[in-house]
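Colleague: based on what follows, work out the 3D shape:
(chains A, B, C, D, E and F)
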Number of protein chains: 6
Amino acid sequence: MPDVTNNERYQKGWATLSKINDKAGERILKLLEDVCPDMAKLVIEFPYGDIYSRPGLDLKTRELITIASLTTLGFAKDQLKAHVYNALNAGCSKEEIIEVIMQMSVYAGFPAALNGLFAVKEVLTEKGLLNK
Amino acid sequence: MPDVTNNERYQKGWATLSKINDKAGERILKLLEDVCPDMAKLVIEFPYGDIYSRPGLDLKTRELITIASLTTLGFAKDQLKAHVYNALNAGCSKEEIIEVIMQMSVYAGFPAALNGLFAVKEVLTEKGLLNK
Amino acid sequence: MPDVTNNERYQKGWATLSKINDKAGERILKLLEDVCPDMAKLVIEFPYGDIYSRPGLDLKTRELITIASLTTLGFAKDQLKAHVYNALNAGCSKEEIIEVIMQMSVYAGFPAALNGLFAVKEVLTEKGLLNK
Amino acid sequence: MPDVTNNERYQKGWATLSKINDKAGERILKLLEDVCPDMAKLVIEFPYGDIYSRPGLDLKTRELITIASLTTLGFAKDQLKAHVYNALNAGCSKEEIIEVIMQMSVYAGFPAALNGLFAVKEVLTEKGLLNK
Amino acid sequence: MPDVTNNERYQKGWATLSKINDKAGERILKLLEDVCPDMAKLVIEFPYGDIYSRPGLDLKTRELITIASLTTLGFAKDQLKAHVYNALNAGCSKEEIIEVIMQMSVYAGFPAALNGLFAVKEVLTEKGLLNK
Amino acid sequence: MPDVTNNERYQKGWATLSKINDKAGERILKLLEDVCPDMAKLVIEFPYGDIYSRPGLDLKTRELITIASLTTLGFAKDQLKAHVYNALNAGCSKEEIIEVIMQMSVYAGFPAALNGLFAVKEVLTEKGLLNK
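Modeller: Predicted coordinates for the structure are as follows:
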């Protein structure tokens, strides 16, 4: 962990993110360290420290609504794949994740939903969880 | 109910929609009857007959992911208000609905999330559920 | 017509737009005259002078693909209503226009398609063309 | 064809899709068979069985408005390429397809239109139809 | 100011926002107080405390890029109007603001740019700054 | 330069674009020459001849608002990379470009902003400007 982190929100964010995915925090730091390390700090602090750490929803629901939002955006394939991993870690079944994305065909259209399912397929293949 | 409805999907969709909101079906028929009644039929059959009637997610979760998607789209205020009503009927608390929309600030940005909260505020005002 | 218009593209654009809707050009000039008259000039020159004046598609098809695009954007209700007027003037039937918007439910989702149909309904009401 | 298909809408959808592209149906089934075969069924039934099979527009116009919508979405390159194939099969000329996408520069902006043209270029290259 | 505000980021955010618009902070608190006061706190802390308070860009540039982004989103008229006010306060001329939005016709399309100009027109009318 | 270019707007656009990036014009002609050379002409004429050549904003500001818009669109990675090159040529520092994209996390959400930063990272790597 870098030395920018001696503040409560960062530590809370890091703890929450580590609970969901124990490698995600370091992956974000690594991806941004030579282009914009301040952004990595903001990602830990705002989404994970301020939002995901709130008590109002369980982590499983938080991951499912994130998958709904990322599928709707349409352009965020890498983030969608990361949150499919997180959702599986948070206790969502692959059937639930797929069901969320199917429902997005109603609101975001079929291309967004199909691309969402293809992203899930890549994750499930990487994890050896795809149906034979 | 119009006579186009003697098919299984329509009846299943109507039943599912009526469970969530017993006035929504007739409201959709009414809104579309003089411009495109076939679209009303498709709304009952596809989103409600084919998707919401599937067993993979409970109605509460289906409403929360819909609220996430509609907030992300940004332009669908009327549909968002309708689904806030539906979510309350499906057993979601107002706190959960608000929490879902707050989280959308991370993925869809603050303008989308703020407009989502203002839509919720209108519904809660209409239902007399707003905090004093 | 303002005096900025003594160039070929503007005159071609004005002629093309006038063929579709003989009041649209002056309406655009009027709407923008005190905030950004240069933009009105660009609207006549680029979309109508450069694009709609090209020979590759008939005006009817141009209006239908515009309606598809505006429905997909979701946030452009005023422009969609204007192009529903234009499409009717260009010889599209109201049934064709409605059919285009229904198909958008597949690609842009149901909220975008429904809002598109409600925009058509407003135009048909204004023109006294709605089904009794 | 899987055994889920003994219903009228699926068969109508399959027939309509086969008329446009005799390999598209099996390609969709294949892509989704191990992640979400129910979604493949919905793709055949709703877009092709319910929408494209309607009489109100000819297939050529249906493909052109789809290309307009997919170009506008901006993120749906694979679907856009597939519909460029379909549009050519449905009797659209490559000039018409290109003209539709050019017009999208007005409504969806130049980046969306340029990416649409690059997708067309890939299809025309694959089919040996690109200008020398 | 509410009592949730005894933290450095909130105070920095409030100070930055007050410099841009001395009524905006209280307006946000008021709009959200009965539906989601925590969101008002996040708006002060994250956009204004974490982002606008950073040294890397002057406030004038920050407001112009915000106007570019909000025009591109298309659905955020109220936020766009608020930032037109803020941009004028931060020292942008109305000509610069209009020029930014005109340029968005290239990237976000003409409907987004035109709606942006109509939002500016409303602000300029309210402030008595519109050309006669 | 092709022979379609003996008009004032094309020449003004080519001059403006060459000032920003002396290879961009030929790259656009090359990319589009066998699929849609008319579109290359429009790109030179409208964005560069009509918009970027206007006096109201300096080139540096024009590039920064373009980066804001392209980051917000989310799907325009190639255009974003091209404009990061252009912005560096127009005198923007890499710190300013990164700061613009960070601010987009507020309006377009974190996935759009993160993808924007990854695009910048690719450009900086290609130019050997990334922090060690």
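
Colleague: up against chain B, what does chain A have?
Modeller: Proximity of chain A to chain B (C-beta under 8 Å from any C-beta of the partner chain) is limited to residues A:46-47, A:51-52, A:54, A:56-57, A:61-62, A:64-73, A:76, A:79, A:95-96, A:98-100, A:102-108. Where C-beta positions appear, they are placed from N, C-alpha and C, glycine not excepted.

Colleague: any of the residues you listed buried? List them.
Modeller: A:46-47, A:51-52, A:56-57, A:61-62, A:64-73, A:76, A:79, A:96, A:98-100, A:102-108 (16 or more other C-beta atoms under 10 Å in any protein chain shown).

Colleague: of the residues you listed, which are in range of chain E?
Modeller: Within those, those near chain E by C-beta under 8 Å from any C-beta are A:F46.

Colleague: filter the residues of chain A next to chain B by proximity to chain D?
Modeller: Restricting these to those near chain D - C-beta under 8 Å from any C-beta - leaves A:73, A:98, A:102, A:105.

Colleague: confidence score at the second one?
Modeller: A:I98 is assigned 98 on the pLDDT scale.

Colleague: what helix or strand is the closest residue to A:Y107 other than its chain neighbours on?
Modeller: Of all residues not flanking A:Y107 in the chain, B:S69 sits nearest, at 4.1 Å (C-beta to C-beta, 6 or more residues apart in numbering or on different chains). Assessed by DSSP states H and E, B:S69 sits inside helix B:59-73.

Colleague: quick one: average pLDDT of that helix?
Modeller: Mean predicted confidence for helix B:59-73 is 98.

Colleague: tell me which other helices or strands it touches.
Modeller: helix A:59-73, helix A:94-107, helix B:8-20, helix B:77-89, helix B:94-107, helix B:110-126, helix C:110-126 (3 or more C-beta pairs under 8 Å, 6 or more residues apart in numbering or on different chains; DSSP states H and E).

Colleague: 7 Å - rerun?
Modeller: helix A:59-73, helix A:94-107, helix B:77-89, helix B:94-107, helix B:110-126 (3 or more C-beta pairs under 7 Å, 6 or more residues apart in numbering or on different chains; DSSP states H and E).

Colleague: for C:G109, see how far away the residue most central in space within chain A is.
Modeller: With distances taken as C-alpha atoms, centre = their mean, A:H83 lies nearest the centre of chain A, 2.6 Å away. According to C-beta to C-beta, to the nearest Å, A:H83 stands 20 Å off from C:G109.

Colleague: what of A:L73?
Modeller: 13 Å.

Colleague: give me every residue that touches the residue nearest to A:N21 when sequence neighbours are not counted.
Modeller: Once flanking residues are discounted, A:N21 sits nearest to A:N86: 5.1 Å by C-beta to C-beta, 6+ apart. Counting by C-beta atoms under 7 Å, 6 or more residues apart in numbering or on different chains, A:N86 makes contact with A:20-21, A:63.

Colleague: out of the residues you listed, which comes closest to chain D?
Modeller: A:E63 (18.2 Å; C-beta to the nearest C-beta).

Colleague: how many residues are close by that closest one?
Modeller: Using other C-beta atoms under 10 Å in any protein chain shown, A:E63 is surrounded by 26 other residues.

Colleague: surely it and A:N89 touch.
Modeller: No. A:E63 is beyond contact range of A:N89, at 8.4 Å (criterion: C-beta atoms under 7 Å).

Colleague: at the contact with chain F, which residues of chain A appear?
Modeller: A:32, A:34-36, A:39, A:42-43, A:47, A:70, A:73, A:75-76, A:79 (C-beta under 7 Å from any C-beta of the partner chain).

Colleague: contacting residues for A:A40?
Modeller: A:28-29, A:32-33.

Colleague: what are the phi and psi values for A:R54?
Modeller: phi -70, psi 150 (degrees, to the nearest 10).

Colleague: got the domain boundaries for chain A?
Modeller: Following automatic domain parsing, one finds the domains of chain A at A:3-52, A:59-126.

Colleague: mean pLDDT lowest where, among these?
Modeller: domain A:3-52 (a mean of 93).

Colleague: ok now that domain, how far from the chain's centre?
Modeller: 13 Å (C-alpha atoms, centre = their mean, to the nearest Å).

Colleague: now stretch A:123-132
Modeller: With C-alpha atoms, centre = their mean, you get 18 Å for stretch A:123-132.

Colleague: same check, this time on stretch A:83-97
Modeller: Using C-alpha atoms, centre = their mean, the offset of stretch A:83-97 from its chain centre is 10 Å.

Colleague: now the end-to-end length of it.
Modeller: 10 Å (C-alpha to C-alpha, to the nearest Å).

Colleague: and A:E33, what does it touch?
Modeller: Counted by C-beta under 7 Å, 6+ apart, A:E33 has contacts A:A40.

Colleague: tell me the contacts of A:S69?
Modeller: Here A:S69 is in contact with B:68-69, B:72, B:104, B:107-108 (criterion: C-beta under 7 Å, 6+ apart).

Colleague: do the same with A:I65
Modeller: With C-beta under 7 Å, 6+ apart, A:I65 has these contacts: B:64-65, B:68, B:100, B:103.

Colleague: any idea how far E:G56 is from it?
Modeller: 32 Å.

Colleague: ok, A:I67 - contacts?
Modeller: A:80, A:83-84, A:87, A:97, A:100-101.

Colleague: where's stretch A:113-121 relative to the chain centroid, distance-wise?
Modeller: Its chain's C-alpha centre and that of stretch A:113-121 lie 15 Å apart, by C-alpha atoms, centre = their mean.

Colleague: please identify which of the contacts of A:A40 is nearest to chain F.
Modeller: Among the contacts of A:A40, and counting by C-beta to the nearest C-beta, the member closest to chain F is A:L32, at 6.6 Å.

Colleague: out of everything not next to it in sequence, what's closest to A:L59?
Modeller: Per C-beta to C-beta, 6+ apart, closest to A:L59 is A:A90, 4.4 Å.

Colleague: kindly report the same for A:N7.
Modeller: Nearest non-adjacent residue to A:N7, counting by C-beta to C-beta, 6+ apart: A:E45, 7.8 Å away.

Colleague: next, count neighbours for that neighbour.
Modeller: Count around A:E45 with other C-beta under 10 Å applied: 24.

Colleague: and it, how far from A:L32?
Modeller: Taking C-beta to C-beta, one finds A:E45 at 13 Å from A:L32.

Colleague: and A:N86, by the same measure?
Modeller: 18 Å.

Colleague: quick one: contacts for whatever residue of chain A ends up closest to chain E?
Modeller: Nearest residue of chain A to chain E: A:F46, at 5.3 Å (C-beta to the nearest C-beta). By C-beta under 7 Å, 6+ apart, A:F46 lies in contact with E:F46.

Colleague: what's the answer for A:L80, then?
Modeller: Counted by C-beta under 7 Å, 6+ apart, A:L80 has contacts A:67, A:70-71, A:116, A:119.

Colleague: could you redo the last one with a cut-off of 6 Å?
Modeller: Contacts for A:L80 (C-beta atoms under 6 Å, 6 or more residues apart in numbering or on different chains) come out as A:70, A:119.

Colleague: again with A:L73
Modeller: A:L73 neighbours (C-beta under 6 Å, 6+ apart): none.
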